[in-house]
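Asker: quick one, fold the following:
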Amino acid sequence: MSSRIKNLFLLYFMILQNVCFANENIIEPQSLLVPFVNQQVSQDTISINGLGAIFKMRLHKWDDDTAVTVFVLKDDNPMHESFCKIILNVFPHQMRRVWDRLVYSGSGQAPIQLETKEEMIEKLSSTVGAIGYLRLSDVTDGIKVLQVLSGSSE
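Answerer: I've put the predicted structure just below:
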């Protein structure tokens with residue numbers, strides 16, 4: 001299967017999952033939940049495995065060796081729950097367990113937890129190397145969408 005077809009299939013799958021988990025029958029494209037990065041991040045794409053590694057705090061640098069700073073919303077935030085379930089394909093409590101293990105073992109840090117979507121936008125736009133997640137409609141100056149590819153390479 002060609003790379004373009006794989007990417008279209010992944011996009012279709014992500015949209016289908018958003019529809020299945022939505023409270024309404026129809027989902028507008030602007031309401032899709034996607035990873036965002038600081039505008040200065042040179043990387044425009046990442047594999048789904050690479051994205052998972054970043055949010056599980058196992059991948060610490062972008063392709064250009066810039067440090068990755070991960071921002072997430074509180075565990076009980078609906079946007080956080082959707083991002084974990086739909087995009088990363090894990091439950092929020094599983095992500096929390098991974099982060100707690102890193103912290104309590106002394107082998108790593110948990111991502112920086114934020115209260116609101118507005119705080120997420122501010123931190124992503126002001127922190128070089130930052131990554132987080134927002135609705136597609138939340139795009140603004142200083143941040144850009146990180147396209148997720150279906151392949152396993154980072």
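Asker: which residues in this structure form strands?
Answerer: For the chain, the strands defined by DSSP state E occupy 33-38, 45-47, 69-73, 112-114, 130-135, 143-145, 147-149.
Asker: neighbouring contacts of the third one?
Answerer: Same thing as strand 69-73. Here strand 69-73 makes contact (CB atoms under 8 Å, 6 or more residues apart in numbering) with 54-55, 57, 79-80, 111-117, 120, 123-124, 127-133. (Glycine included, C-beta is placed from N, CA and C.)
Asker: one more: the fourth one?
Answerer: Strand 112-114 is touched from outside by 69-74, 120, 123, 132, with contacts defined as CB under 8 Å, 6+ apart.
Asker: same check on stretch 42-58?
Answerer: 10, 35, 37, 59, 62-64, 66, 68, 70, 72, 87-90, 95, 98-99, 102, 108-111, 131, 144, 146-154.
Asker: out of these, list just those in helices.
Answerer: Among these, the residues falling in helices (DSSP state H) are 10, 95, 98-99, 102.
Asker: now those in a markdown table, with pLDDT, neighbour count and distance to residue 138?
Answerer: Shown next, in a markdown table, are the ones in helices among the contacts of stretch 42-58 (pLDDT from 0 to 100; neighbours: other CB atoms under 10 Å; distance: CB to CB, whole Å):
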| residue | pLDDT | neighbour count | distance to residue 138 |
| --- | --- | --- | --- |
| 10 | 58 | 17 | 21 |
| 95 | 95 | 22 | 21 |
| 98 | 96 | 17 | 26 |
| 99 | 96 | 21 | 24 |
| 102 | 94 | 16 | 28 |
